[in-house]
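A.B. asks: any chance you could fold what I've pasted below:
(2 chains)
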Amino acid sequence: MDETVAEYIRRTVLKIPRDEIKTMLQKWGFLSEAQLQTLNFHQIKDNISQEVVQLCEENSADIKQAAVLDIIYNHIYQNKRMWSVYQMKKTGEELEYFDITDFKKKFKGRLRSALKNVTITFKEYEDNAIWIRVAWGTPYKKPNQYKPSYVVYHSQTPYVFISASVLKSNLPLLCQALIVASNYHDIREMELRSHSLNSLKDIVFKRYSQNFQTYYPKPLQEGNVEPESGDIRIVQENRSEKERIHRLNWEVFGGGPQPKLEFAQYKLETMFKSDPKMGVLDKKEPFRCLVKFSSPHLLESLKSLAPAGMADAPLSPLLTCIPHKARNYFKIREKKGLFPESFVSP
Amino acid sequence: ENVDPQKTAFLLRKAWTLYSVTPLYRFHRARLRDYARLLSAFIAAEKQKGLAVEVGVELDIKVAVSSLADLRGSEQDQAAVLVQLSLRSRASSRNSEDKLVWLGWFCSMYGDDLSENVPEDFTCLPLFLTHGAESYTSMVGSWFQKTFDCCFRRLAISPLNLSWMVAMWAGCKLDRAASAVELVFSMPRLSQPLDISYAIHPEDAKALWDTVQKTPGEITQEEVDVFMDCLYAHFHRHFKIHLSAAKLVKVSTVVASAHCDGIVKILHSQYLPGVLMLLTELAISQIQ
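C.D. replies: Below is the predicted model of the structure:
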């Protein structure tokens, strides 16, 4: 077995939490059940990985099999990577029959004709997701197995999720191979990025609860709100404002859980406007800002702003449009003409 | 007031953790070498007790205490005192260089408010800045406390003071390449934490400040409030969020950056005295 393959397998196993190693090796299926029985999973990981490498040596593992183990690891720990979303475009409306073998052949063919040194690995999952791993080399160097790109393609959709390696120069080639293999004619990057691959899928496949403005359920009885001693009118006013906010929130965000995004970024190129009495800045040029929102669960935290009194309800459409516009990167310019207060997001 | 940029270059572009220090009793500038020796012995003893965390080869800590004559503001200010801790490995060869592991310096920049009112035996250096492991800070602090009967306290920077800093520094004259004026807010009391970074192009921030500030060389609370209100209003116009209800935790400009936990980075030697003066003031109000 090649030394580099042995080292690669050793390092991949080291990444796996000790309790998960056995399951992952079983999913991999390259080592027999009998071989797995000989492994002692109660020692330090260094030793476990050495033993795994020895078994792989017995079975003469090559880079192709090692790459499959890497895909399995990254499929389970997909949220460690940053994913970008790409959308492909077809000319016609015809629904072509998707042939996976044809797809793989064309994909490999396109890449290999441009770059001799690549490692290409496919793995299909139950939810119609095709995972592709590409390790990139140069005409003179063997592929770097430690910085591969991962692609997730759902064949029934025009969407591709890419976690590129640091070597961004290979991205155009990767995109080209994808459209050639899938019989599309164009591909563009959407302004949508996140660590949560599932949430990205939720957003583009519209699998999250959306704002159906048809029926708002009757507000819950506020049983735990003590009536204030004194002016009854004050309590009622608060209550109706709270209800208004809840209703507006529900209309915008829907009743179900939100897709999990970690950030949204806005490049603002709008004018600075102020009360003329204040005598401050009155420039004809935009007030350039970059605003970034970050949170472990951005949409949930935005949803809680108005009820907490930190924001007006309804919340700004710049924020609420994130899921249905399927983007979390925006460039906002002033809209000229009739409505100076509204914004244009190209 | 002219601080030699060569001598103070080491202060720039480092994250300093801030403390306020009460006046030192019977601190003698002539005895700096003695203090270095005593502090070194103290640290060695602490390590023997197992109080410091060191794994592996037995390491020697070398202590140097020196005076920074130029680092002061008024005539009444005491010159800054610098403490340096270096690591010297016994196992290494004789000509290996000592590795600097910790820096701390005491400073007073126009701290007349404090120094005017203390008795003779006391030395006023209300601002203490450290860079390096917390374990060393703790040992150095303990020794100074025991030896000079003083008291160290972490210097937190309130949102009010952070907004002063950002307004002041946003108005500073710009170099060719200046970084953005950034304010970082944290939204409290939400189901999921939310951080907001609001970065403004430095030219635009300065243009705004220039129209707000009425008297050059003087800054009033009102002007700072107007500046911040303008920024909040611009933000609200777009996002309908009240930034004024959020907690300002960090500000960053080409001059310096400051975090509410009392961590500061100074980026320009030209503004070093100004920044230190502001920090000295904060330290003094915390002491009094």
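A.B. asks: near chain A, which residues of the stretch 151-288 of chain B are found?
C.D. replies: With C-beta under 8 Å from any C-beta of the partner chain as the criterion, the stretch 151-288 of chain B meets chain A at residues B:180, B:187, B:189-201, B:204, B:207-208, B:211-212, B:226, B:230, B:233-235, B:237-242, B:245-246. Yep, even glycine has a C-beta here, placed from its N, CA and C like the rest.
A.B. asks: of those residues, select the buried ones using a ChimeraX command.
C.D. replies: Buried residues among these (16 or more other C-beta atoms under 10 Å in any protein chain shown), as a ChimeraX selection:
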select /B:180,187,190,192,194,195,196,197,198,199,200,201,204,207,208,211,212,226,230,233,234,235,237,238,239,240,241,242,245,246
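A.B. asks: in helices, which of the residues of the stretch 151-288 of chain B next to chain A appear?
C.D. replies: Taking DSSP state H as the definition of helices, those contribute B:204, B:207-208, B:211-212, B:226, B:230, B:233-235, B:237-239.
A.B. asks: how is the chain partitioned into domains?
C.D. replies: You didn't say which chain, so I picked chain A. What the TED database lists as the domains of chain A is A:3-78, A:83-92+A:99-204, A:244-335.
A.B. asks: you answered for a different chain; I wanted chain B.
C.D. replies: If you go by the TED database, chain B breaks into B:9-154, B:159-260.
A.B. asks: mean pLDDT added to the ones you listed, as TSV?
C.D. replies: Below are the domains of chain B laid out as TSV (pLDDT from 0 to 100):
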stretch	mean pLDDT
domain B:9-154	86
domain B:159-260	91
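A.B. asks: quick one: low-confidence residue ranges for the stretch 201-346 of chain A.
C.D. replies: For the stretch 201-346 of chain A, the stretches with pLDDT under 70 are A:209-237, A:275-281, A:336-346.
A.B. asks: could you redo the last one with a cut-off of 90?
C.D. replies: For the stretch 201-346 of chain A, the stretches with pLDDT under 90 are A:205-260, A:271-286, A:303, A:306-310, A:312-315, A:317, A:320-321, A:323-325, A:333-346.
A.B. asks: if we can go back for a sec, can you redo the ones in helices among the residues of the stretch 151-288 of chain B next to chain A as TSV with distance to residue B:273?
C.D. replies: Formatted as TSV, those follow (distance: C-beta to C-beta, whole Å):
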residue	distance to residue B:273
B:204	27
B:207	26
B:208	25
B:211	27
B:212	24
B:226	26
B:230	28
B:233	33
B:234	32
B:235	33
B:237	38
B:238	38
B:239	38
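A.B. asks: one step back: could you point out which of the domains of chain A sits nearest residue B:161?
C.D. replies: Of all those, domain A:244-335 sits nearest to residue B:161, with 22.4 Å by C-beta to C-beta.
A.B. asks: how long is that closest one end to end?
C.D. replies: 30 Å (C-alpha to C-alpha, to the nearest Å).
A.B. asks: now stretch A:265-274
C.D. replies: Distance between the two ends of stretch A:265-274: 24 Å, counting by C-alpha to C-alpha.
A.B. asks: do a quick rundown of the strands in the stretch 51-200 of chain A.
C.D. replies: A:83-89, A:118-124, A:129-136, A:144-154, A:159-163, A:186-194 (DSSP state E, counting those that start in this stretch).
A.B. asks: in a markdown table, list those along with mean pLDDT.
C.D. replies: As requested, the strands of the stretch 51-200 of chain A are exported to a markdown table (pLDDT from 0 to 100):
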| stretch | mean pLDDT |
| --- | --- |
| strand A:83-89 | 94 |
| strand A:118-124 | 95 |
| strand A:129-136 | 95 |
| strand A:144-154 | 94 |
| strand A:159-163 | 95 |
| strand A:186-194 | 93 |
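A.B. asks: so what touches stretch A:60-74?
C.D. replies: Residues outside stretch A:60-74 that contact it (C-beta atoms under 8 Å, 6 or more residues apart in numbering or on different chains) are A:1-2, A:4-5, A:8-9, A:12-13, A:15-16, A:24, A:27-28, A:30, A:56, A:80-81, A:119, A:121, A:123, A:131, A:133, A:135, A:145, A:148, A:150, A:163.
A.B. asks: repeat that for 6 Å
C.D. replies: Outside stretch A:60-74, the residues that touch it by C-beta atoms under 6 Å, 6 or more residues apart in numbering or on different chains are A:1, A:5, A:8-9, A:12, A:24, A:27-28, A:30, A:119, A:121, A:123, A:131, A:133, A:150.
A.B. asks: helices of the chain, start to end?
C.D. replies: I went with chain A, as the question did not name one. Along chain A, counting by DSSP H, helices occupy A:3-15, A:21-28, A:33-37, A:45-58, A:63-76, A:100-114, A:171-182, A:197-204, A:232-253, A:298-303, A:317-320, A:322-325.
A.B. asks: ah, no, chain B please
C.D. replies: Per DSSP H, chain B carries helices over the ranges B:5-8, B:32-48, B:112-115, B:134-148, B:159-170, B:202-212, B:221-239, B:272-287.
A.B. asks: would you turn the ones you listed into TSV with distance to residue A:208?
C.D. replies: What follows is these, written out as TSV (distance: least, C-beta to C-beta, whole Å):
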stretch	distance to residue A:208
helix B:5-8	55
helix B:32-48	56
helix B:112-115	58
helix B:134-148	44
helix B:159-170	36
helix B:202-212	37
helix B:221-239	22
helix B:272-287	47
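A.B. asks: and of the ones you listed, who's closest to residue A:193?
C.D. replies: helix B:221-239 (19.9 Å).
A.B. asks: could you find the closest non-adjacent residue to residue B:118?
C.D. replies: Nearest residue to residue B:118, sequence neighbours excluded (C-beta to C-beta, 6 or more residues apart in numbering or on different chains): residue B:23, at 5.1 Å.
A.B. asks: pop out the phi and psi values for that neighbour.
C.D. replies: Note on residue B:23: backbone dihedrals following degrees, to the nearest 10 are phi -50, psi 140.
A.B. asks: quick one: the domains of chain A as TSV, columns for mean neighbour count too.
C.D. replies: Formatted as TSV, these follow (neighbours: other C-beta atoms under 10 Å in any protein chain shown):
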stretch	mean neighbour count
domain A:3-78	16
domain A:83-92+A:99-204	17
domain A:244-335	18
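A.B. asks: hmm, back to that, to residue B:277, which of the helices of chain A lies closest?
C.D. replies: helix A:298-303 (38.4 Å).
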